[in-house]
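Chemist: Provided below for reference: sequence and predicted model.
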Amino acid sequence: MKYFCPTIVIRHRKENLKKCSLRGLEERKDFLFYSYPLKTQPPIDGYVLLTVDAPQILSKEDGQRGLLLLDGTWKLAHKMEKTLYIPDTIVRRSLPDGLVTAYPRRQDELQGLASIEALYIAYLLMGRDPEGLLDNYHWKELFMEKNRSITMI
């Protein structure tokens, strides 16, 4: 069994936990959750920061690194990324184009995946076992169906 650094989730304090797609992962030993704004920033040297407008995940090069996810609305995640200290050892990566969310949204202009969906795809691309990630996700089956070409990796 391969060992991977724990996934670090920095969740904005304004994130609505009743709607948060990552609920249920807080108890997993391979996840570390922090609330933003941070009192003390966790060590993130050598991690992959999942973000937009970055090169796509490269499984062979990125798979051995830890994964850092900023959890909040797009606007809040962008603010967090700007205010956190991101060392030079951090690699910024994005997901492939064409993925479709199953998470219902009211705003048409908000494209992109729910945090749990992005995390699941990142795990697949990085060669990590995504087992159990979607267990508490209400729209799991619809997400898998909409993205069958990549979720069948």
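Modeler: Here it is on my side, so go on.
Chemist: which residues does T7 form a beta bridge with?
Modeler: F31 (DSSP bridges).
Chemist: begin at 660 from here
Modeler: With 660 as the first residue, the last one maps to T666.
Chemist: For it, give its distance to H797.
Modeler: Per C-beta to C-beta, to the nearest Å, T666 is found 21 Å from H797. C-beta here means a position set from N, CA and C on the backbone, and glycine is covered the same way.
Chemist: ends of stretch 761-773, how far apart?
Modeler: 8 Å (C-alpha to C-alpha, to the nearest Å).
Chemist: quick one on the thing from earlier: higher neighbour count, T666 and H797?
Modeler: Between T666 and H797, T666 has the larger neighbour count (other C-beta atoms under 10 Å), namely 23 against 12.
Chemist: need the contact list for that one.
Modeler: Contacts for T666 (C-beta atoms under 8 Å, 6 or more residues apart in numbering) come out as 689-691, 725-728, 778.
Chemist: In the helix or strand bottoming out on mean pLDDT in the chain, which residues are buried?
Modeler: Lowest on mean pLDDT, DSSP states H and E among the helices and strands of the chain sits helix 718-721, with a mean of 82. For helix 718-721, the neighbour count (16 or more other C-beta atoms under 10 Å) marks D721 as buried.
Chemist: Which strands and helices lie in contact with the following helix or strand past that helix?
Modeler: Once the chain leaves helix 718-721, the next helix or strand it forms, by DSSP states H and E, is strand 726-730. With contacts taken as 3 or more C-beta pairs under 8 Å, 6 or more residues apart in numbering; DSSP states H and E, strand 726-730 sits against strand 666-671, strand 707-709, helix 733-742, helix 774-785.
Chemist: Average pLDDT for the second one, rounded please.
Modeler: Per-region confidence: strand 707-709 scores 97 on mean pLDDT.
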